[in-house]
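> this is a predicted model, with the sequence first.
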Amino acid sequence: MLSLLAFFMAGLSASAQDGERLYVYKFCTTCHGQKGISIAPNYPNLAKQNELYMVNQVKDIIAKKRSSKLTPLMTEHPVVISISDEEIAAIAVHMNSIK
């Protein structure tokens with residue numbers, strides 16, 4: 001547990017972590033499920049999603065260019081709003097690759 005805390009405090013680097021790990025560490029699994037299949041019908045499935053579409057959606061949500069009643073879960077979470085463009089891209093590649 002202590003090493004996980006240190007990991008978060010040090011920050012994640014897309015070059016150091018693959019998209020699968022980032023998907024877990026950035027709390028995407030909380031709403032979008034372990035394998036990118038949503039845990040509830042009001043959260044979108046991310047598995048097999050188009051990479052560019054997903055990157056653009058995440059950036060727009062974080063920039064508050066689009067919203068729904070669920071977007072505060074992303075726009076107010078300190079780990080999520082600190083995600084880098086490289087990390088978003090790595091997660092999108094991973095999600096697109098899920099069979």
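Nice, I can see it.
> so what's residue 44 closest to, chain neighbours aside?
Among residues not flanking residue 44 along the chain, residue 38 sits closest, at 6.3 Å (CB to CB, 6 or more residues apart in numbering). In this view, the C-beta of every residue, glycine as well, is placed from N, C-alpha and C.
> how about residue 67?
Nearest one to residue 67, counting by CB to CB, 6+ apart, is residue 61 at 7.2 Å.
> now residue 52
Per CB to CB, 6+ apart, closest to residue 52 is residue 92, 7.8 Å.
> can you name the residues that contact that neighbour?
The contact partners of residue 92, taken as CB atoms under 8 Å, 6 or more residues apart in numbering, are 19, 49, 51-52, 54-55, 58.
> dump the residue contacts of residue 94.
For residue 94, counting by CB under 8 Å, 6+ apart, the contacting residues are 18-20, 22-23.
> can you do 6 Å?
19-20, 23 (CB atoms under 6 Å, 6 or more residues apart in numbering).
> buried ones in the helix or strand hosting it, by neighbour count?
Secondary structure assignment for residue 94, by DSSP states H and E: helix 85-97. Across helix 85-97, burial judged by 16 or more other CB atoms under 10 Å covers 87-96.
> just stretch 70-81 next, same as before
Buried, per 16+ other CB under 10 Å, within stretch 70-81: 74, 80.
> what's that stretch in contact with?
With contacts defined as CB under 6 Å, 6+ apart, stretch 70-81 is touched by 26-27, 61-62.
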